[in-house]
Each structure stands twice: as C-alpha cells, then as structure tokens.
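Chemist: generate coordinates for the sequence data below:
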Amino acid sequence: QVQLVESGGGLVQPGGSPRLSCAASGSIGEIYTMGWYRQAPGKQREVVAVILTSGVINYADSVKGRFTISRDNTKNTVYLQMSSLKPEDTAVYYCYVVDYVEKNGAYYSRWGQGTQVTVSL
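Modeler: Have a look, this model is predicted:
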C-alpha cells in the first residue's frame, strides 16, 4: 500500500505564499518523477510543476517565477512553494509521483488525494 499525503492547502488571500507538501510512504519503490498538478472547477487537470531525480524542473508558464518546486529524497517528500497567488490559482492541487518497483519490474504513477487551495479575500 502506497500513500501520498498532502498538506498545506486552504483559504489564502491574493498575494499569499502558502507551501504545499506531499509525503510518500508505504511500499513505494525508487522515486523518479515528483510533481504537482491542479484542477480548477470545470477545467481539466493540468501540470503545475515537475521535478525529476536529476534535478531538472519544468513549470507551467502560468506559474513561472511565482511557484517553486523542490524535493527531499530522504523524506520522499515534494514541496510546492507558492507566492503571489492570484484568484485564478484556485484549484485542487494533486501530488504526483512516478516510482519503480524492482520486484515487479514496473513503473507506477501515483496520485495524492488532492488539497484545495482557494485564493480569495
């Protein structure tokens, strides 16, 4: 059983700077990709930021310069530091992990349960 536990969401004022965390635990394999996606009401889920084991990072254009993704491999945890939040950043934010389970010889894509971030006065 693998769990991705997210935290750090909630109601934030415009311009705020919350930090999301996602910790992977359980029978998870060697983690490669970690990232964050989001889904706003009535819209498709979209990538926010992804960080590879190599340290390569990709951001959605809409968050470049405002969000920072990082990871702590010793804790199997990925973070998303958000800043200068706008109402259009309101969404459910999902943690995403790709890991390799050697005994199965397979890669797995895993999702967190999602954490709501609402940007409003």
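
Chemist: so where do the strands sit in the protein?
Modeler: Secondary structure of the chain (DSSP state E): strands located at 2-7, 10-12, 19-26, 30-39, 46-51, 57-59, 67-72, 77-82, 91-101, 106-111, 115-119.

Chemist: quick one: distance of the fourth one to the chain centre.
Modeler: In this view, strand 30-39 has its centroid 6 Å away from the chain centroid, taken as C-alpha atoms, centre = their mean, to the nearest Å.

Chemist: what angle separates it from strand 46-51?
Modeler: Angle between the axes of strand 30-39 and strand 46-51 is 150 degrees (criterion: axes from the mean of the first three to the mean of the last three C-alpha atoms, to 10 degrees).

Chemist: same check on the third one?
Modeler: Per the same axes, to 10 degrees, the angle that strand 19-26 makes with strand 46-51 is 70 degrees.

Chemist: using PDB, write out every CA atom in strand 19-26.
Modeler: This file holds the C-alpha atoms of strand 19-26, laid out as PDB (Å, rounded to 0.1, in the frame of the first residue of the first chain):
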ATOM      1  CA  ARG A  19       3.600  25.900   0.800                       C
ATOM      2  CA  LEU A  20       2.200  22.500  -0.100                       C
ATOM      3  CA  SER A  21       3.800  19.300   1.000                       C
ATOM      4  CA  CYS A  22       3.400  15.700  -0.200                       C
ATOM      5  CA  ALA A  23       5.000  12.800   1.600                       C
ATOM      6  CA  ALA A  24       5.000   9.400   0.000                       C
ATOM      7  CA  SER A  25       5.000   6.400   2.300                       C
ATOM      8  CA  GLY A  26       4.300   2.700   2.300                       C
END
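
Chemist: so what does that strand touch, helix or strand wise?
Modeler: On a contact count with 3 or more C-beta pairs under 8 Å, 6 or more residues apart in numbering; DSSP states H and E, strand 19-26 meets strand 2-7, strand 30-39, strand 77-82, strand 91-101. The way it works is simple: take the backbone N, C-alpha and C, and place the C-beta from them, glycine included.
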